[in-house]
Every structure is written in C-alpha cells, then in structure tokens.
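[1] predicted coordinates and the sequence they were generated for:
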There are 2 protein chains.
Amino acid sequence: MTGVLLTVAYDGTEFSGWATQRDARTVEDALRGALLAVDPKAAGPRGSSRTDAGVHAEGQLAAFDASLPLPARGWVLALNQHLPDDVSVRAAQIVTPDYNPRFTSKKKRYRYRLLLDKVRDPLLRHRTWRIGYEMDLERLAREARAIVGTHDFKAFRSAGDERDVTTRTIHDVTVRRDGEDARCWSITIEGNAFLYNMVRILVGTLVDVARGHLPEGTIARALDEKDRARAGQTAPAHGLTLEHIDVDLPEEAGERWPP
Amino acid sequence: MTGVLLTVAYDGTEFSGWATQRDARTVEDALRGALLAVDPKAAGPRGSSRTDAGVHAEGQLAAFDASLPLPARGWVLALNQHLPDDVSVRAAQIVTPDYNPRFTSKKKRYRYRLLLDKVRDPLLRHRTWRIGYEMDLERLAREARAIVGTHDFKAFRSAGDERDVTTRTIHDVTVRRDGEDARCWSITIEGNAFLYNMVRILVGTLVDVARGHLPEGTIARALDEKDRARAGQTAPAHGLTLEHIDVDLPEEAGERWPP
C-alpha cells in the first residue's frame, strides 16, 4: 500500500459536517465513496480536522492507503471524477502508509467572514455571518489582541469537548477588510490546535464586544476565569472556513500536484 | 397607487431566470408572491432586465404599484420577510405610478467572473467559470479593447433575439484581478444596453482568444462581418452577475433606503 495525502475543499452548506454519521450526508463519506470507486482496496480517509455542519474548507487534509500505483496528479483527477460538485480534491501528494494528518498537524488557520449589512444579501448567504446592527470594528480589533498567545481556552469550547488539556497557542489573529467589498470583513485565526467550537465562540464574543453587548476585556476575563458563561455567543457555522493546515511530512514524501 | 422601485439581488443558481415561465421557478414570480403577500392589490413587478437561468444579480431593478402607503424602508423589510433565501430586496425608493425601469434605463454594468484553476473549487462553483487551460490574460485585455465604442453587435447575440436595431454603445470594459485570490479575474462590461447573451458571447470569445483557440482581432472581425459564426463560444451563465443599472428617475422620487 502507498499513503496518499489529499487537500480537500468543500462547500459545507449541504453537508452534516466532515465526520461520518448515521443517516447523514458527510464529507468523509463522500470522499470514501470516491476512493472506493477508484480503488476498491483503499483504506481511509483519515481526516485532520472535524468540521461541523455548514462549515466550509479550502484546506482540509485527509490521508488514505492506496493499492493502485497512481501518481499524485492521477489521484486528483480520478477522485474528482467521482466526487459530488460540492467537494473536490485540490491537491495530492504521495506519503507513507498509515500516515495520519491528525497526528502530524502543527498549525491550523481558520477564517471567519462577516457581512456588515442592514439587508440580507443572497449571494453571500452561505459564506458570511450577516451583522445588521452597528459594530465598532476598532473595538473588535482591540479585543482580538487578547486571543494571541498561549492560554487555557476552557471558556471557549462547547459542551461535548471532553479533552483534559485545554491549553492552546494562538499565533495570530487578523481582522481586515475582505476583498473589494466594503461590507465584508474577515477574522483570521491561526493556532497550533483548537477546541470544539473555539473559533466560533471567539468570533461570537468579538462581535458581542464590537456591538457593545459585552464590555471590552471580556475575552481576557473569560480566559482568566475559564468559564464558558463569561464568553459570548457562538457564531454561526456558515461564516467559518478551514483555510489551511500545516503538517510534518515524512522524509519520503513525493511532490505535491498541482505544485 | 404609489410607484415603488426596488433594487433586487439574487443567487441565480436555483432559478430559471428572471422572467415568469410556466412550470419554472423564476425571480419575477418569487417577487410577485412577496408583493401580493404584503399588498394583495399591488400590480407588478416590472423588471428592468431579463436574466437567464443561473445568472446572478446584485442590482436588478423592478417597479410595482402599491396600494399600501409604506415608506421605502417598510417595503424593504416587509418584502424580505416573504422572499426565499436566494432573493432579497436590497433597497427601495418611492417613485411614480406606472414607472417602468425597462424604459428609463441608461446604462447597465455586468461582471463576469473567471476562475483560473486546473482543479475545480466547490466554494466558487456557482459564481465563476473555471478555466483549466493556460490563458494569456494580456492577450485577453488587448482583445477586449475592440468591444468599447458604438458598434453593431449583431454577431454577438443568440438566436431568439429578434430586435431590428442591434447597435449598442459599450462605455467601458475592465479586465482585472478579483479580490485577493490570485486565481480570480473579472471582466466588467458597461454599456447603454445589451443584446440577448451579448455579454456571455463577448466573454466566451475573449476566452477563446486568450487560450489561443481564436486569433487576436476576432472581435473586430466579427463586429465588421456581423456574423455570429465569426465569434467564439457562449460563456456559461453562472459566471455572470448583473451588477448595476442606471435609470432616469422621476422628479418626484423619494429617498432611497438604505441610502
């Protein structure tokens, strides 16, 4: 068997998230279906990050073990033939058997898109969280600084996350205009790892602070008190995109296609 | 009755275009349904431009006559309550009864989005035409200059357009990177009026020239010979957005909301 690492993009709108669930349409199952259609003896996929229903990805990673000796380009083309329109393999790279991007991940980048508009916009409805009330974006950017660094993010996870270690390192948070549309802003958060719903609770809290619903200093206080009740709302899933995951690759890894 | 002018946005993906057709889901019918739900005596809507199935709009205009004395803001909020997710009223303005934006239109702007990528991207599939082969974008921009000016565009319309006068004035064509994504380009075309499928045939021809499939000078030659067979392919509908329509307003027109 050969290990193959895939970069996977999806429009999360019509999926019940990444991970296989009974009676639900998931990205993992769609990818498994395509793998087995091309290579019935393939084993996998092994995804790097679970994403919730509605969350999008440009840079999800998933590995599998192949019995067919296709080159990276062959996997991209063959799998895309069998995937539905709302998922695609963006790139592939030959790695080692049993390679699992869940255990080699070093850094992840998420982007959350806001649409500041009094009126809804059908063309951006699946990609942005529309905020209809006044927001103080400088206040938002000031509050966002408290996120950077190594902290116990226990206050910023949803029930269902049972992990004992809740300390994570956030390397960078950027708040900026998104493209040429003055209504669009994005919050990019890069860190070593994330708790369940952590980005969405951080963004929800930033928005609550920016609209004056919660005071400045809320994030620092919630980190300090490690209390979910101190943080703000959970931002909706559809504004979130998993943009990029940095992994350690085995020395034997081949070239990525497309480069 | 009072005339009301609406700016309408829609995601054209799930619509069979603007204009009412039997047994098809159209934007005009969706808007009529919302109008009648709010004001059962309303008459309209009267749209400014027909758009094909899959074509999007940010700035479609439509007018109707209302029996209810709502202010502009009231119409925006009330109609959006009754419209499906993929259409919205972006703005409203009180005008005069019987006002018809089809007859007062002075200038229209369309934008066509290209995605230059070897591999498909699910997140951009409904908004862009993906071009997987090599394109010479400087060649495309040079060829685009031939479009500007007053020409007989008979070669650039689809069968079904029976209008006798086929001369139109194109004020401006812009080819540029679209946003921060290096793969995204857009072609913006502004003119006094357009023939059926004119933008899509112009864009298809530009792409055929840019990939070397047709020689430079194709557009000038097709304009000269007024022969559809001289022009290139018709670009797919889903890359096209009707961005803006400039109209003459009656002197009595009220303020637009939102401003």
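    Thanks, I have the structure now.
[2] contacting residues around the residue of the stretch 151-259 of chain A at minimum distance from chain B?
    For the stretch 151-259 of chain A and chain B, the shortest gap (CB to the nearest CB) falls at A:G179, measuring 3.6 Å. For the C-beta atoms, the positions are set from N, CA and C on the backbone; glycine is no exception. Contact analysis of A:G179 by CB atoms under 8 Å, 6 or more residues apart in numbering or on different chains lists B:D178, B:G179, B:E180.
[3] pLDDT and secondary structure added to the residues you listed, as a markdown table?
    Shown next, in a markdown table, are the contacts of A:G179 (pLDDT from 0 to 100; DSSP: H, G, I helix; E, B strand; the rest coil):
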| residue | pLDDT | secondary structure |
| --- | --- | --- |
| B:D178 | 89 | coil |
| B:G179 | 84 | coil |
| B:E180 | 85 | coil |
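[4] with respect to chain A, which of those is nearest?
    B:G179 (3.6 Å).
[5] what's the spacing between that closest one and A:P69?
    Counting by CB to CB, to the nearest Å, the separation of B:G179 from A:P69 is 39 Å.
[6] likewise A:K108?
    Note on A:K108: its distance to A:P69, by CB to CB, is 31 Å.
[7] so the two - more neighbours on which side?
    More crowded of A:K108 and A:P69, by other CB atoms under 10 Å in any protein chain shown: A:K108, with 22 against 8.
[8] residues touching that one, list them.
    Per CB under 8 Å, 6+ apart, neighbours of A:K108: A:S49, A:E190, A:G191, A:N192, A:A193, A:F194, A:L242, A:H244, A:I245, A:D246.
[9] could you find the closest non-adjacent residue to A:P250?
    A:T96 (4.5 Å; CB to CB, 6 or more residues apart in numbering or on different chains).
[10] next up, phi/psi of the one you found, please.
    When quoted as degrees, to the nearest 10, the phi and psi of A:T96 stand at phi -110, psi 160.
[11] my guess is it contacts A:D248, does it?
    No. Counting by CB atoms under 8 Å, A:T96 does not reach A:D248; the two are 11.8 Å apart.
[12] who has more neighbours out of these two?
    A:T96 (16 against 10).
[13] pLDDT wise, what is that one at?
    For A:T96, the pLDDT comes out at 97.
[14] got a list of what it touches?
    A:T96 touches A:G3, A:P250, A:E252, A:A253, counting by CB under 8 Å, 6+ apart.
[15] compare the residues you listed and tell me which is most surrounded.
    Highest neighbour count within those: A:G3, with 22 neighbours (other CB under 10 Å).
[16] partners of the strand or helix carrying that residue in the sheet?
    If you go by DSSP states H and E, A:G3 is part of strand A:2-10. Sheet pairing of strand A:2-10 (DSSP bridges) gives strand A:56-66 (antiparallel), strand A:87-95 (antiparallel).
[17] next SSE downstream of the last one?
    Note on strand A:87-95: by DSSP H and E, the next helix or strand toward the C-terminus is helix A:101-104.
[18] show me the residues around the closest residue to A:A43 other than its chain neighbours that make contact.
    Distances taken as CB to CB, 6+ apart place A:D65 nearest to A:A43, at 4.5 Å, with adjacent residues excluded. A:D65 is in contact with A:M1, A:T2, A:G3, A:V4, A:A42, A:A43, A:G44, A:P97, A:D98, counting by CB under 8 Å, 6+ apart.
[19] closest to B:T150 among these?
    B:T150 lies nearest to A:V4 out of the contacts of A:D65, by CB to CB, at 56.6 Å.
[20] burial count for that closest one?
    30.
[21] do A:R102 as well
    A:R102 - counted by other CB under 10 Å - has 15 other residues nearby.
[22] ok, it touching A:P45?
    No. Look at A:R102 against A:P45 with CB under 8 Å: they stay out of range, at 10.9 Å.
[23] where along the stretch 101-250 of chain A do the helices fall?
    Along the stretch 101-250 of chain A, the segments classed as helices by DSSP state H, counting those that start in this stretch run A:101-104, A:137-144, A:198-210, A:218-225.
[24] nearest to B:Y133, of those helices?
    Using CB to CB, the helices of the stretch 101-250 of chain A put helix A:101-104 closest to B:Y133, at 31.2 Å.
[25] got the contact list for that closest one?
    Here helix A:101-104 makes contact (CB under 8 Å, 6+ apart) with A:L5, A:R46, A:G47, A:S48, A:S49, A:L61, A:A62, A:A63, A:I245, A:V247, A:D248, A:L249.
[26] do stretch A:119-131 as well
    By CB under 8 Å, 6+ apart, the surrounding residues in contact with stretch A:119-131 are A:11, A:13, A:56, A:112-117, A:132, A:183-184, A:203, A:207, A:211, A:235-236, A:238-239, A:241, B:9-11, B:56, B:58, B:76, B:80, B:85-91, B:123, B:127, B:241, B:258.
[27] from those residues, list just the buried residues.
    A:11, A:13, A:56, A:112-117, A:183-184, A:203, A:207, A:211, A:235-236, A:238-239, A:241, B:9-11, B:56, B:58, B:76, B:86-91, B:123, B:127, B:241 (16 or more other CB atoms under 10 Å in any protein chain shown).
[28] does A:G254 touch A:I94 like I think?
    Yes. A:G254 is in contact with A:I94 according to CB under 8 Å; the separation is 3.8 Å.
[29] which of the two has more neighbours?
    The residue with more neighbours, out of A:G254 and A:I94, is A:I94; 22 against 15, by other CB under 10 Å.
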